[in-house]
Every structure is written in structure tokens, then in C-alpha cells.
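Asks: Could you look at this predicted model? Sequence included:
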Amino acid sequence: MKQEQFIAAHETQWQRLEAWLERRSPKRQSVSDKASPAEFAALYRQTCQHLALARTRLYSPHLINRLNRLVLESHQIMYGERRNLFKAMARYVLVDFPVRVRQKWRLVLLGALLFYVPFVGMITAIQLNPDMVYTVMDGATLRKLEYMYNPENRETVGRDWDRQADADLMMFGYYVKNNTGIGFRTFASGLIFGLGTVFVVLFNGLYIGAAAGHLTQIGYNETFWGFVAGHSALELNAIVLSAAAGLQLGFALIAPGRRTRLRALREEAREALKLMYGAAGMFILAAMVEAFWSPLSWVPINVKYGAGLAMWGFVLMYFLLGGRRRAAG
Amino acid sequence: MIDTLRTVQTPEGIDLHLPVAGLVPRSLAWLIDALIRLLIYSGLATVLLVFGDTGAGLFLLAAFVVEWFYPVLFEVLRDGQTPGKRSYGIKVLHDDGTPIGWSASLIRNLLRVVDFLPIMYGFGIASIMLNRDFKRLGDLAAGSIVVYRDTPLPVPKLSVSRSSRPPFPLNLDEQQAIMAFAERSPGLTRERAEELAQLTGPLVTNNPRAIETLYSYAKWLSGDQQAEPARQSTPADTRDSGEAA
């Protein structure tokens, strides 16, 4: 069949498909005409066949381009992702996230060790030798830190300036941007064979440990531990989970198993992201607690400790038990 | 074939040809996006910072969203295109040709952090230059690909009304080359078209109107044969020769 006969025979079908794509694409509205989707599928398959024919018969490049474009656009509609986002989110929080954390317990454990060992180690070291704090912090930072948690500035604890009124919301914005950003970087830098993640987590463990150790050592216990008690469970464990996700990227490259490194990376990145969603959510929750609960100076210290312990209990129970029944069913 | 077409196969057994976009349009698109982000930041700052600490808090939240999710939101909701990509006619797809989804877009944009290392996208640029599909590290991990968005070409009009049969049978590659010439040469200068026409050798030997002659062959080849019996491409021919390079 010659090209012009071929065009004459099928032109109307292509135009209908073009019209269908035209109607659909700009605002992605569902098409009002109910028969359309079925017709679309048929038109799409026919055009696929026409493209194959046009290629093997070496029709003119112009025609082949046009058909290629038609097929490409239709293909994207045919195989595009469409999901109910809210349903997926609810299921993720109730089931998938805690299940995945348990499933990846080796990575989570490794991340936890990388964080909590230097953290606790630094606190202990500073109790024995107070000068250890200068291994990770300079004098200026230290003075700012002491100012923030000085019991004489009870009204503004956790902040390095003297305002209270609207500062809560501002601090919320700051914590979200800063802490979640750190989490994302911890994850992403796992792409450097996990080294970036290891470095970021170790450093954060040492740094936070130094701050905690120093403030304990100079006796600012109530202001510091009272301030951090509420959000610590969420924030510290969010760092650990970001680390686990980053390590998963790293291990995909270090030990891909019976896959190419590229394939392993691609599969594991998708899996690791499912940890990161939850970690990001925890960072944001932690920021809320840190901005709106932790600085409340009228709350008795024992209530703050109690709330902090309850939060740790809740977080641990959530990861240990969350979604067990639903996942099994 | 010396071009950047990447082939993917659909479940229908059709090969889709995706024209991959390289470093330059992508960098320029990134630059435009960077400028737009800068405008968003300064716009937000002027409006929100009037409202003291509350405004500052909202600004920081907005800055967080813009910093990490500006490309993700555009790519997923606007058909694979950030404004910068749109202005350069490129878009992001999964590398099987389907539209980019949330997880792939998040991966490629979170891992941008590593592409950015050590400075100014050093790793990303190295990766783009070493990879035949021009993927930066984020694209490798996400399984995404940046391609040119095809725009429909105007239908070429052959300016000759005459159709004539080539003096001797042509194989399929040659037929296609002549048709491509007829379709694309109106965009060339007269001299360049003439030069290309002369390359067909024996078809136009000593012919002062080489371009028009080739046009008339093209017209004949595309089916307008005016009472000449069709002898050229029987189904057997086409099957044997397969796909042209």
C-alpha cells in the first residue's frame, strides 16, 4: 500500500484520536462522553499498529513522526499513575510505615547505632572531661547555647534572643526547614556509597551529644532536658530513619547482590523513599512539638518529663506493634 | 544512528522514540527555574515579613516547600514540566516513556543534593556527560529521563505538481531519503538543498533542476503515480529489508 492510500484509509481515525487527546490534555478533566474511554483504547491500539506498519514500510518520516507522537501521548494516558492519595496516606501511616521499619530493622539498627553511640559517648565523655566539648564546638557557639538554656532566661528558653509573642510559629517554620532539610540531606548523601549518610549521622550524634553533655555538666538540667524531652523521641528517631534510608541507597551500590548496581539502586531508592516519607512526617510533627509545647515555661518540669517519656513509649510501641494485624490480614 | 533517540517498547509491541535532552537545554531550564524561585522567595519575603514573627514563620515554611518540592509539584502535576523545562520544550518521563509519578520525581529531586556536589552540579554534569541517556545521578536512581517534547511539524507541501518515476528502481533506504529530502528541504537555503540534491549522483546527473526532479520523484514515491503501475514496494520487499537505520 502506498503512503497516500494508507493516509487516506486511516486519517479519520488519527484525527479522532487527536481530538480525544486534545479534549483531555489541557485541564485533565474527565471526559464527559462516556463511550470515549473504550473508543480511546481501540483507537490507541489501531494507531500502534499503524505506526508499526508505517515504520516497516518506510513511509515518510513526517508521517512516522506524527504517529509516534500520537502513540506516545496516548501511551502516557493509558499507563499513567492514578491513585487515591488520601487513602494511600492513611494506609501508610497506619500500616505500611511501621511494617517497613520492622522489615528494614537491620538498617534501622545500624542507623541507630551510628547515631546513639556517639551521642551517648559524647555526653559521657564531657561528664568526665568537660573540655571534650571543644572537639566539635567553638566558644561562640557554646556561649549562645548557654544563653539559650540559662535558667535565668526561663521565659525564652531554647531561643537565643528575647522575644516570646509570635515567635512560636516562626520557630516552627525554622525547625521544619532546618531539621527536615537535614533529614533529606542525610538520605540523599547515601548515594555516595553510604559515606555521606554515615558522616552526617555520626556528626549529628557527636554534636547533639556535645550540646546535651555540656549543658548537663554545667547544671542546666531542667531547662535543657525539660525543653527537649517532648520532641526528642520524634526528632532523634527521624534522624535515625533518614540514616536507614540513606544506608539503603549506599548498600544498593556496595552490595547489589545478583543485580546490576544501577538496577539495585533504582529498586532500593524506591523502597528507601517509603522510609523517608515517614521520617519527613516525624520531623514535621517534632517541629510542631518543639515550637508549641517545648518552650511553655509554666508547665511543671515533671509534666514535661512525663510527656517526653510517654512520647518515647508511643513512638517505640508504634514501630514495634503498628500495623501488625492489618498487614497480616 | 547518530542522534539521541532512545527507544522504549510499549506493551503493544510498539517502539516509541524518545528524543533525549542534553546538558545545555537542561542547564538553561534550571537557570530559568532558579530565577523563578528567586522571584518567589523575594515576593514571599516582601509580603510576609511585614507580619513580624508570624510572617517569618510562614515564610520559612514556604521556603521549605519551594526549596524541596518546587520541581516535584510541577513535574507531577504539570505533565513533567517545570516552567523552565516548558520554556525549553523539554519534560521528564519515566524511562519507559510513562509520565513521571510522585516517587520517581521525589527521588530525582531529593538526590539533586548529591548531583550538586562538589560544587555547581559537578557530579550531575559528569554523570550527564558519561551517560548515553544524559541522566544525572538522580535520574539514574529514579529511572527518569528528560526528553524533548515533540511538537507537531507543519505538514510539508510539495511545491511541484508533477510526479515522475525514478529512472531506475530504488531500494527502501533510498526512497525514504528522497522523501525526507522533499519534506525537509524547504527549511534549507537554496544552495544547501542543491548541494544535498547533487549527492544523489546518478539520479540527477547533469540535471540543472535537481531539486525539482527529486521533489517529483518524492511525489511519485509517496503514491501519486498517475497511471503508472505500482511496481516498487511489494509486501515482500518491505518485510525483507526491515527497519531502516
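Replies: That came through fine. Note that this is a predicted model, so its numbers are computed, not measured.
Asks: can you pull out the helices in chain A?
Replies: Under the criterion DSSP state H, helices of chain A are mapped to A:3-24, A:36-56, A:61-79, A:85-91, A:97-103, A:105-128, A:139-149, A:167-175, A:181-188, A:195-217, A:221-254, A:261-292, A:301-321, A:324-328.
Asks: Mean pLDDT and distance to chain B added to those helices, as JSON lines?
Replies: C-beta here means a position set from N, CA and C on the backbone, and glycine is covered the same way. Output for those, formatted as JSON lines (pLDDT from 0 to 100; distance: least, CB to the nearest CB, whole Å):
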{"stretch": "helix A:3-24", "mean pLDDT": "85", "distance to chain B": "3"}
{"stretch": "helix A:36-56", "mean pLDDT": "86", "distance to chain B": "4"}
{"stretch": "helix A:61-79", "mean pLDDT": "83", "distance to chain B": "5"}
{"stretch": "helix A:85-91", "mean pLDDT": "83", "distance to chain B": "8"}
{"stretch": "helix A:97-103", "mean pLDDT": "92", "distance to chain B": "14"}
{"stretch": "helix A:105-128", "mean pLDDT": "95", "distance to chain B": "17"}
{"stretch": "helix A:139-149", "mean pLDDT": "87", "distance to chain B": "17"}
{"stretch": "helix A:167-175", "mean pLDDT": "85", "distance to chain B": "3"}
{"stretch": "helix A:181-188", "mean pLDDT": "93", "distance to chain B": "4"}
{"stretch": "helix A:195-217", "mean pLDDT": "93", "distance to chain B": "7"}
{"stretch": "helix A:221-254", "mean pLDDT": "92", "distance to chain B": "7"}
{"stretch": "helix A:261-292", "mean pLDDT": "92", "distance to chain B": "4"}
{"stretch": "helix A:301-321", "mean pLDDT": "92", "distance to chain B": "22"}
{"stretch": "helix A:324-328", "mean pLDDT": "72", "distance to chain B": "20"}
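Asks: among these, which is nearest residue B:191?
Replies: Residue B:191 lies closest, by CB to CB, to one member of the helices of chain A: helix A:61-79, at 22.9 Å.
Asks: then that closest one to PDB, C-alphas only?
Replies: The C-alpha trace of helix A:61-79 is given here as PDB (Å, rounded to 0.1, in the frame of the first residue of the first chain):
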ATOM      1  CA  PRO A  61       9.500  10.400   8.300                       C
ATOM      2  CA  HIS A  62       6.800  13.100   8.700                       C
ATOM      3  CA  LEU A  63       4.100  10.500   8.900                       C
ATOM      4  CA  ILE A  64       6.100   8.300  11.200                       C
ATOM      5  CA  ASN A  65       6.800  11.300  13.500                       C
ATOM      6  CA  ARG A  66       3.100  12.200  13.600                       C
ATOM      7  CA  LEU A  67       2.100   8.600  14.500                       C
ATOM      8  CA  ASN A  68       4.900   8.300  17.000                       C
ATOM      9  CA  ARG A  69       3.700  11.400  18.800                       C
ATOM     10  CA  LEU A  70       0.100  10.200  18.800                       C
ATOM     11  CA  VAL A  71       1.200   6.900  20.300                       C
ATOM     12  CA  LEU A  72       3.500   8.500  22.800                       C
ATOM     13  CA  GLU A  73       0.800  10.800  24.100                       C
ATOM     14  CA  SER A  74      -1.800   8.100  24.200                       C
ATOM     15  CA  HIS A  75       0.600   5.700  25.900                       C
ATOM     16  CA  GLN A  76       1.100   8.300  28.700                       C
ATOM     17  CA  ILE A  77      -2.600   8.500  29.300                       C
ATOM     18  CA  MET A  78      -3.000   4.700  29.100                       C
ATOM     19  CA  TYR A  79      -0.300   3.900  31.600                       C
END
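Asks: quick check: angle from it to helix A:36-56?
Replies: Interaxial angle of helix A:61-79 relative to helix A:36-56 (axes from the mean of the first three to the mean of the last three CA atoms, to 10 degrees): 140 degrees.
Asks: State the number of residues packed around residue 219.
Replies: Let's take chain A. Neighbours of residue A:219 under the rule other CB atoms under 10 Å in any protein chain shown: 10.
Asks: You answered for a different chain; I wanted chain B.
Replies: Neighbours of residue B:219 (other CB under 10 Å): 21.
Asks: Residue B:214 too?
Replies: 25.
Asks: is it true that it touches residue B:197?
Replies: Yes: with contact defined as CB atoms under 8 Å, residue B:214 counts as touching residue B:197 (5.4 Å).
Asks: In a markdown table, list the helices of chain A along with distance to residue B:29 and mean neighbour count.
Replies: Formatted as a markdown table, the helices of chain A follow (distance: least, CB to CB, whole Å; neighbours: other CB atoms under 10 Å in any protein chain shown):
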| stretch | distance to residue B:29 | mean neighbour count |
| --- | --- | --- |
| helix A:3-24 | 24 | 15 |
| helix A:36-56 | 29 | 17 |
| helix A:61-79 | 20 | 20 |
| helix A:85-91 | 27 | 11 |
| helix A:97-103 | 35 | 20 |
| helix A:105-128 | 35 | 18 |
| helix A:139-149 | 40 | 15 |
| helix A:167-175 | 29 | 22 |
| helix A:181-188 | 21 | 24 |
| helix A:195-217 | 27 | 21 |
| helix A:221-254 | 26 | 24 |
| helix A:261-292 | 23 | 21 |
| helix A:301-321 | 41 | 15 |
| helix A:324-328 | 42 | 11 |
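Asks: Out of these, which is closest to residue B:47?
Replies: helix A:167-175 (14.7 Å).
Asks: Now distance to residue B:127 too, for the helices of chain A, in TSV please.
Replies: Converted to TSV, the helices of chain A look like this (distance: least, CB to CB, whole Å):
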stretch	distance to residue B:127
helix A:3-24	34
helix A:36-56	32
helix A:61-79	25
helix A:85-91	31
helix A:97-103	29
helix A:105-128	25
helix A:139-149	36
helix A:167-175	33
helix A:181-188	14
helix A:195-217	16
helix A:221-254	14
helix A:261-292	12
helix A:301-321	36
helix A:324-328	38
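Asks: Quick one: closest of the ones you listed to residue B:164.
Replies: helix A:3-24 (15.8 Å).
Asks: Which strands and helices lie in contact with the closest one?
Replies: helix A:36-56, helix A:61-79 (3 or more CB pairs under 8 Å, 6 or more residues apart in numbering or on different chains; DSSP states H and E).
Asks: residue contacts, the nearest residue to residue B:200 once chain neighbours are set aside?
Replies: Nearest residue to residue B:200, sequence neighbours excluded (CB to CB, 6 or more residues apart in numbering or on different chains): residue B:214, at 6.7 Å. With contacts defined as CB atoms under 8 Å, 6 or more residues apart in numbering or on different chains, the neighbours of residue B:214 are B:178, B:181-182, B:197, B:200, B:203-204.
Asks: likewise residue B:45?
Replies: Contacts of residue B:45 (CB under 8 Å, 6+ apart): residue B:59.
Asks: got it, and residue A:238?
Replies: With the criterion set at CB under 8 Å, 6+ apart, residue A:238 makes contact with A:179, A:183, A:279-280, A:282-283, A:286.
Asks: What distance do you get for the most centrally placed residue in chain A to residue A:10?
Replies: Closest residue to the average C-alpha location of chain A: residue A:276 at 3.1 Å, with CA atoms, centre = their mean. When distance is defined by CB to CB, to the nearest Å, residue A:276 is 48 Å away from residue A:10.
Asks: where do the contact lists of residue B:214 and residue B:197 overlap?
Replies: Here residue B:214 and residue B:197 share the contacting residues B:181, B:204, scored by CB under 8 Å, 6+ apart.
Asks: quick one, which of the helices of chain A is nearest to residue B:6?
Replies: Using CB to CB, the helices of chain A put helix A:61-79 closest to residue B:6, at 12.0 Å.
Asks: Need phi/psi at residue B:13.
Replies: Dihedral angles of residue B:13 (phi, psi; degrees, to the nearest 10) stand at phi 80, psi 20.
Asks: ok, how many other residues are close to it?
Replies: Residues near residue B:13, counting by other CB under 10 Å: 9.
Asks: That one reaches residue A:52, doesn't it?
Replies: Yes: taking contacts as CB under 8 Å, residue B:13 lies within contact range of residue A:52: 7.2 Å.
Asks: I'm done for today, thanks for sticking with me.
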